[in-house]
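>>> Show me how the following folds:
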Amino acid sequence: MSILQQWLFFIVITYINAELQSSHKLVTAEYGSDLSLLCTFQNRDSDGTIIQWLYQNVTDNIHRAHWRPLFLNAQSLTPKETRYSIQQKVQQINRTLVTYSTILTLAKVTDFDEGLYICKLLSNETMQMTYQVRVI
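Have a look, this model is predicted:
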């Protein structure tokens, strides 16, 4: 790979990362239906890569957000909440890049499921996708 190709590749990856960090998707779900949220990242292959799902729907009296952790990789952090499930897939792109995909599914959504859901990739770089879920 030439220096110019490496530089262009770096620009493309930087642009993708910037998009992922600022992406905010609005999602509308019908009350009682199932909802799946997809999160996909490309990153360097690393055993230390962690994908975390967080949920927030309440603020306190001084408007601070309270984030509730849902999953750390495939490990549920809310074992009593059986309506949440996770699927993960890791696909090798080349010798150094891997695509990480994770799908968070909420079964039979209710009004209490409205709020923000964040999928974070924690590795050498932190990337995230945010979904704002509205239930109708």
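>>> And the nearest residue to residue 31 once chain neighbours are set aside, its phi and psi?
Nearest non-adjacent residue to residue 31, counting by CB to CB, 6 or more residues apart in numbering: residue 135, 5.5 Å away. Where you see a C-beta, it was placed from the backbone N, CA and C, and this is true even at glycine. With angles defined as degrees, to the nearest 10, residue 135 sits at phi -110, psi 130.
>>> Show me the residue at the heart of this structure, geometrically.
A centroid search over the chain (CA atoms, centre = their mean) returns residue 119, at 1.9 Å, as the residue closest to the centre.
>>> Under the pLDDT cut-off, which ranges of this protein? List them.
Within the chain, the ranges that satisfy pLDDT under 70 run 1-23, 45-46, 58-65, 124.
>>> The residue nearest to the centre of the chain pairs with what?
residue 53, residue 129 (DSSP bridges).
>>> ok, now which ones touch it?
Residues counted as contacts of residue 119 (CB atoms under 8 Å, 6 or more residues apart in numbering) are 37, 39, 51, 52, 53, 102, 104, 128, 129, 130, 131.
>>> So the second one sits against residue 129, correct?
Which is residue 39. Yes. The pair formed by residue 39 and residue 129 meets the contact definition of CB atoms under 8 Å, at 5.0 Å.
>>> Roughly how far does the residue nearest to the centre of the chain sit from residue 102?
In this structure, residue 119 lies at 6 Å from residue 102, with CB to CB, to the nearest Å as the measure.
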